[in-house]
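Chemist: how would this look folded up:
(chains A, B and C)
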Amino acid sequence: MLNSYQLDEKLMPILRQMEKTGVKLDINFLEKLAQKIDLKLTELEETLYGLVGHKFNLNSPSQLAKVLYEELKISPEKCGIKKKKTHHSTSASSLIKIRSLHKSIDQILIYRELAKLKNTYVDPLPKLVDQTQRLHTTYAIDTTTGRLSSKNPNLQNIPASGKIAKSDFSWGSEIRKAFVAAKGYKLIVADYSQIELRIAAHFSTDINMTKTFQEGHDIHAATAKELGVDRRTAKVINFGILYGMSAYGVSETLKIPPEEAQVLIDRYFNSYTGLAHYIQNVIGEAHENGFVETLLNRRRYIPEINSPIERIRRFGERVAINTPMQGTAAEIIKLAMLELHPKLNKNAKMIMQIHDELVFEVKDSEIDDSLKKIKNAMENVIKLKVPVLVNLSVGDNWAETKEIKV
DNA sequence: TAGACTGGCGCC
DNA sequence: AAACGGCGCCAGTCTA
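Modeler: Numbers count the residues shown, from 1 in each chain, chains lettered A, B, ... in the order given. From the prediction side, this is the model:
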């Protein structure tokens, strides 16, 4: 059986091919979007200078901190806002805590969101296309877990949905509309469903979690029922588990007291005892061996795990929990890419990988055929103790695809 | 003026 | 004392 490093070797030519093919970008669309965002930003700037009483650099966290925490006399201590090295935090999660204390806060959140989109995506991306309007990233496999990374440009952090900040419009998802299929082609998006939690079930053989997946139920809904909470809360805990999150982390994310968060975590591990044992086991082995491994034996050394400094040691433990699952998920999709690539042709090309998702550009006449091939390869490339499921959708651009049952 | 650092934030 | 794993990119700020 192939090990993780051999897998990477075989993947290289496929990645180079994906880079070379690239993805078509609708420049006109982005230019129009840029104009709309500009108008909005100018409007927000004027509103904000008015509300605060003077001009300042809205893009400077330190200047904003001075305005909020000194001039406007908002007390960061009372509001539970953490201190950074140079000043108190003005991060979105901090600003949300003081939302009700001044009219400017919501406007700042919207300003930040729009400035981010414009500076990171809308303005730079069109400058990077070739003569055929296609964008070419560079993939690397030099991460600590075995995931790919993407740079120049990074195609793995293109906005996917709207945001929480109460703006009147979901600007974020607009960006993906600019990622289009060539004429006569469509994009197929294929993403693994809950792959890391399925891997958790596989590694831990947890009876409860395994049963949920085998019966084809929604894991977050099942967890919600188990804990007596709503689905959103259950989802946070399920994800938190994969990252080794503490009661503090859960409480911050859910905005509930740490004591309540601890109760939820206790209840969680009482429901998923197999998972609890697995996690204890991985941490134990990491302490003993100084490393953890993925399904295909990618090894990550974790010197932090035996640190005398608790903070460092805890970090090592979170890494020990997360790396096997994140790394195994990366291996599964890489295996699928390897399996799939020879089955494709010039009318059906794999063009992007976003960790648990593959995007293909496929000629209209070959969509049905490709859908079957893709689903089959991705779902059957590995046999776990729980089913591996892939969702497929098709569309003219990356934002507007329609789910297809195959 | 270039590079490093900081705070912040987009994605999975 | 910090508190959620893995990335890359941005503007502002500091420093050589």
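
Chemist: looking at chain A, which helix or strand is least sure?
Modeler: When the helices and strands of chain A are scored by mean pLDDT, DSSP states H and E, helix A:247-254 comes last with a mean of 90.

Chemist: Show me what that helix is in contact with.
Modeler: By Cβ atoms under 8 Å, 6 or more residues apart in numbering, the surrounding residues in contact with helix A:247-254 are A:93, A:233, A:236-237, A:240, A:243, A:245, A:256-262, A:264-265. Heads up, the C-betas are built off the backbone N, CA and C, glycines and all.

Chemist: Name the nearest of those residues relative to DNA strand B.
Modeler: Nearest to DNA strand B among the contacts of helix A:247-254 is A:S93, at 6.6 Å by Cβ to the nearest atom of the strand.

Chemist: And the least confident helix or strand of chain A, what's buried?
Modeler: Within helix A:247-254, the residues that count as buried by 16 or more other Cβ atoms under 10 Å are A:A247, A:G249, A:V250, A:S251, A:T253, A:L254.

Chemist: One more: stretch A:261-268?
Modeler: By neighbour count on 16+ other Cβ under 10 Å, the buried set for stretch A:261-268 is A:A261, A:L264, A:I265, A:Y268.

Chemist: wait, the third one sits on A:T233?
Modeler: No: shown here, A:I265 and A:T233 do not form a contact pair, counting by Cβ atoms under 8 Å, at 11.7 Å.

Chemist: Quick check: pLDDT value at A:K84.
Modeler: Looking at A:K84, its pLDDT reads 85.

Chemist: same check, this time on the one 4 residues further on
Modeler: A:H88 is assigned 92 on the pLDDT scale.

Chemist: and what of A:G80?
Modeler: 86.

Chemist: and the buried residues of stretch A:261-268 as a markdown table, adding pLDDT?
Modeler: Listed next are the buried residues of stretch A:261-268 as a markdown table, based on pLDDT from 0 to 100:
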| residue | pLDDT |
| --- | --- |
| A:A261 | 92 |
| A:L264 | 94 |
| A:I265 | 94 |
| A:Y268 | 96 |
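
Chemist: Same list, those, but as JSON lines with distance to A:I158 please.
Modeler: Below are those laid out as JSON lines (distance: Cβ to Cβ, whole Å):
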{"residue": "A:A261", "distance to A:I158": "32"}
{"residue": "A:L264", "distance to A:I158": "33"}
{"residue": "A:I265", "distance to A:I158": "33"}
{"residue": "A:Y268", "distance to A:I158": "33"}
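
Chemist: out of the residues you listed, which are inside helices?
Modeler: A:A261, A:L264, A:I265, A:Y268 (DSSP state H).

Chemist: What are the buried residues along whichever strand or helix holds A:M325?
Modeler: According to DSSP states H and E, A:M325 maps onto helix A:310-340. Of all the residues in helix A:310-340, those buried under the rule 16+ other Cβ under 10 Å are A:315-340.

Chemist: Compute the inter-axis angle for the helix or strand following it and helix A:310-340.
Modeler: Helices and strands here follow DSSP H and E; after helix A:310-340, the next one along the chain is strand A:348-353. Going by axes from the mean of the first three to the mean of the last three Cα atoms, to 10 degrees, strand A:348-353 is angled at 170 degrees with respect to helix A:310-340.
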